[in-house]
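Engineer: Quick one, what's the 3D model for this:
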Amino acid sequence: MTHAPLVTVSDLRKSFAIRAGLMRRVRDELRAVDGVSFDIGQGETLGLVGESGCGKSTLARCVARLAEPTSGSVRFAGDEIAHLTSRRLRPLRRSIQLIFQDPMASLNPRKRIGTTLRDALRFQGIAGTRARETSRIGALLEQVGLAPSYADRMPRELSGGQRQRVVIARALAVEPRFIVADEPVSALDVSVQAQILNLLKDLKDTLGLTMLFISHDLGVVRHVSDRIGVMYLGKLVELAPADALYETPLHPYSRALLAAVPLPDPDARGHHGNVIEGDIPTPLNPPRGCRFHTRCPLAQEICVKTEPVLTAHAKGHFAACHFASAEHGVQATSKAVN
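Structural biologist: Predicted structure coming up:
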C-alpha cells in the first residue's frame, strides 16, 4: 500500500494478572500480546490469523480500545489512543467500529432491527427527523443486502447470515473510518461465509474502509485481505502481502497453517509443508527462545536459546525465524532438537 498508515501499532503488549489464594495475590502473569508492531494503510485490509489462544482477539480489542494495553502505542490517524480515558475516547467511537463473531449475542433480542439501527444513529448524535432516520435505516439495510422491511423484524426471526448483515449495517451507520472484524464468519455456515466475505470486500472497495480482519482460518482471510499477519503465542511471526504469504510462506508455522487449509485437489495438500502437530504451549509459561520451537520441524539449538526478530526478507515480507528463506524454508544442517 502506498497510502499513509491510518493505524500504527508499536510494541504493543497486553498482560493479565493471575491471582490465587484467599488474598487474591498475583501469582503469575499471562502475556496475551507480547511486543507486536504493524501498521494498516488507509483503505487497506490487514488479516490477522493464528490458532485459538494466540492473542489475536486480545490484540484486536486493544487496537479498538475496548481494552487498554499494558504498554506500547496505538496511533489512529496520527493520534495516540492507547491510554486515553473513556471521556477522551468517546469522539473516536464513531470512527472505529467492531463486528463480532456471534451476531445473535451482538444484537439486543428484545429490540427490532430498525430500533437497533436507530439507536446507533442517535447515540452518535447523527439522527435527524423520524422520516430521515427511517430512510437512512432502509438504505443501510439495502447496502448490506437486506430489504428495508427487515427493520420491523426481531433478531430471532433472522438467520445467522442475516443477523450478521444487520451487525455490519449497524457498524456502517455511523460512517466509520476503521472496522475491526473479529472472527465475523466463524459462527456461520460455510455457504453463508462466502456471502458475508464478498459483502465485506465489496463494502471495503466501495466505501474505502480500512479494516483489521481476525480469523483462525487462512482460507477465509485470503479472500478479503491485502496483507496478512500470522500470530503465535502473542508474537507476530510473519507479515506479508497476501499473495506473497500464500505463494512463498517463510515461517514454518505459516506453512503448517497453509497445509491445513482444505484444497479441492487432495494431491496438492502438503505443498507448503506438514500439518502442525501438538498443542500450543500455555502463554503463562511460553518456551524460551523461539516460541514455536517445541512444534517446529526445523528447530535447532539456536531456536531454543535465541528468540528470532521479525526481519525483512523481501519487499514488505517479514518473518521471525532463524531459518526463513524464499525457498520455503532452508533445512538446517545441524541435528534437530527433539
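Engineer: wait, doesn't Ala20 sit right on Arg27?
Structural biologist: Yes - if you go by CB atoms under 8 Å, Ala20 and Arg27 touch, sitting 4.5 Å apart. No exception for glycine: its C-beta is placed from N, CA and C like everyone else's.
Engineer: what residues do those two have in common as contacts?
Structural biologist: Overlap between the contact sets of Ala20 and Arg27, as judged by CB atoms under 8 Å, 6 or more residues apart in numbering, is nil.
Engineer: all strands of the stretch 101-250 of the chain, in order?
Structural biologist: Along the stretch 101-250 of the chain, counting by DSSP state E, counting those that start in this stretch, strands occupy 178-182, 210-215, 227-232, 235-241.
Engineer: right, and those - which one's nearest Gly72?
Structural biologist: Gly72 lies closest, by CB to CB, to one member of those: strand 235-241, at 12.5 Å.
Engineer: What strands flank that closest one, and is each parallel or antiparallel?
Structural biologist: Strand 235-241 has these partner strands in its sheet, going by DSSP bridges: strand 227-232 (antiparallel), strand 317-319 (antiparallel).
Engineer: from the ones you listed, which stretch is densest packed?
Structural biologist: Most buried of those by mean neighbour count (mean count of other CB atoms under 10 Å) is strand 227-232; its value is a mean of 25.
Engineer: Run through who's touching that strand.
Structural biologist: Under CB under 8 Å, 6+ apart, the answer for strand 227-232 is 1, 36, 38, 44-51, 54-56, 59, 218, 221-222, 236-242, 245, 251, 253-254, 257, 280, 291-292, 316.
Engineer: Just the buried ones from those residues?
Structural biologist: 1, 36, 38, 44-50, 54-56, 59, 218, 221-222, 236-242, 245, 251, 253-254, 257, 280, 291-292 (16 or more other CB atoms under 10 Å).
Engineer: show me where the stretch 151-300 of the chain has helices.
Structural biologist: Secondary structure of the stretch 151-300 of the chain (DSSP state H, counting those that start in this stretch): helices at 160-172, 190-207, 218-222, 242-247, 252-259.
Engineer: Most tightly packed of those helices?
Structural biologist: Note that of these, helix 252-259 is the most buried (mean count of other CB under 10 Å), with a mean of 24.
Engineer: distance between it and the chain's centre?
Structural biologist: 18 Å (CA atoms, centre = their mean, to the nearest Å).
Engineer: Report the buried residues of the following helix or strand past it.
Structural biologist: For helix 252-259, the succeeding helix or strand toward the C-terminus, using DSSP states H and E, is helix 301-305. Neighbour-count burial for helix 301-305, counted by 16+ other CB under 10 Å, picks out 302-303.
Engineer: next one: stretch 135-143
Structural biologist: If you call a residue buried by 16+ other CB under 10 Å, then stretch 135-143 has these buried ones: 136-138, 140-141, 143.
Engineer: just for the chain, where's the confidence low?
Structural biologist: For the chain, applying pLDDT under 70 flags the ranges 1-3, 21-24, 26, 262-275, 325-338.
Engineer: Tell me which of the strands of the stretch 101-250 of the chain lies nearest to Ser71.
Structural biologist: strand 235-241 (15.2 Å).
Engineer: and of the strands of the stretch 101-250 of the chain, who's closest to Val261?
Structural biologist: Closest to Val261 of the strands of the stretch 101-250 of the chain is strand 210-215 (CB to CB; 11.7 Å).
Engineer: got the CA positions of that closest one in PDB?
Structural biologist: Coordinates of each C-alpha in strand 210-215 appear next as PDB, following Å, rounded to 0.1, in the frame of the first residue of the first chain:
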ATOM      1  CA  THR A 210      -9.800   0.300   6.500                       C
ATOM      2  CA  MET A 211     -10.100  -3.000   8.200                       C
ATOM      3  CA  LEU A 212      -8.400  -5.300  10.700                       C
ATOM      4  CA  PHE A 213      -9.800  -8.800   9.900                       C
ATOM      5  CA  ILE A 214      -9.300 -11.500  12.600                       C
ATOM      6  CA  SER A 215      -9.600 -15.200  11.800                       C
END
